[in-house]
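# dropping the sequence and predicted coords here.
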Amino acid sequence: MPTQTLTLQELAARLNDALSAEYQAVVMYTTYAAAVQGPYRPQLRAFFQAEIPDELGHAQFLADKVVALGMSPSVEVREVPQASDPVEMLRNVRDAEQEAIRTYKRLAEAAHELGEQGLATRLETMVEDETEHFEETDKILAGW
């Protein structure tokens, strides 16, 4: 099925939505790092905390790009799923990372179609980052 080309304004709106998801990731990792309990708390706390700088970097890039495209960056945070045990936390993280991968792939394709090669390349790098996060989380869950 062919992709319908977006306008730059529509692309900016979708980038803004992705920005809200990055804010969610920062809050989720921060909250889970504080709340995780059990025998693997030190390792999981460190794992969650280690992801925060990447997500903040993604958020800053998206906010800057949204402004460059003539819009105001979102200040909305997607709802963070509550979790009371480490496995539930990890599943929520894995699901969010998987959604981010899908989102950034679609956005990269749209950016290519609009001739925004620099943006497309950066979004593809973000796909790599999110894929690494997804795979690490999946490996942890596989051994649970």
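Sure thing, it's come through. Numbers count the residues shown, from 1 in each chain.
# near Glu136, how many other residues are there?
17 (other Cβ atoms under 10 Å). C-beta here means a position set from N, CA and C on the backbone, and glycine is covered the same way.
# now it: phi and psi?
Main-chain dihedrals, Glu136, degrees, to the nearest 10: phi -60, psi -40.
# so who does it touch?
Going by Cβ atoms under 8 Å, 6 or more residues apart in numbering, Glu136 touches Phe47.
# quick one: pLDDT of it?
Per-residue pLDDT puts Glu136 at 96.
# secondary structure element holding the residue at the greatest distance from the centre of the chain?
Relative to the C-alpha centroid of the chain, counting by Cα atoms, centre = their mean, Pro39 is the outermost residue, at 27.6 Å. Per DSSP states H and E: Pro39 is located in neither a helix nor a strand.
# and if you look at Ala18?
helix 8-35.
# buried ones in that helix?
Within helix 8-35, the residues scored as buried using 16 or more other Cβ atoms under 10 Å are 8, 11-16, 18-33, 35.
# now do stretch 36-55
For stretch 36-55, by 16+ other Cβ under 10 Å, it's 36, 44-45, 47-48, 51-52, 54-55.
# low-confidence regions, this structure specifically.
Within the chain, the stretches with pLDDT under 70 are 1-4.
# helices of that one, start to end?
Counting by DSSP state H, the chain has helices at residues 8-35, 41-68, 86-113, 117-142.
# out of those, nearest to Val77?
helix 8-35 (4.2 Å; Cβ to Cβ).
# quick one: the closest one to helix 86-113, angle?
Taking axes from the mean of the first three to the mean of the last three Cα atoms, to 10 degrees, helix 8-35 and helix 86-113 form an angle of 160 degrees between their directions.
# can you give me the angle helix 8-35 makes with helix 41-68?
Put simply, helix 8-35 runs at 160 degrees to helix 41-68, going by the same axes, to 10 degrees.
# just how off-centre is helix 8-35 within its chain?
Between the centre of helix 8-35 and the centre of its chain there are 6 Å (Cα atoms, centre = their mean, to the nearest Å).
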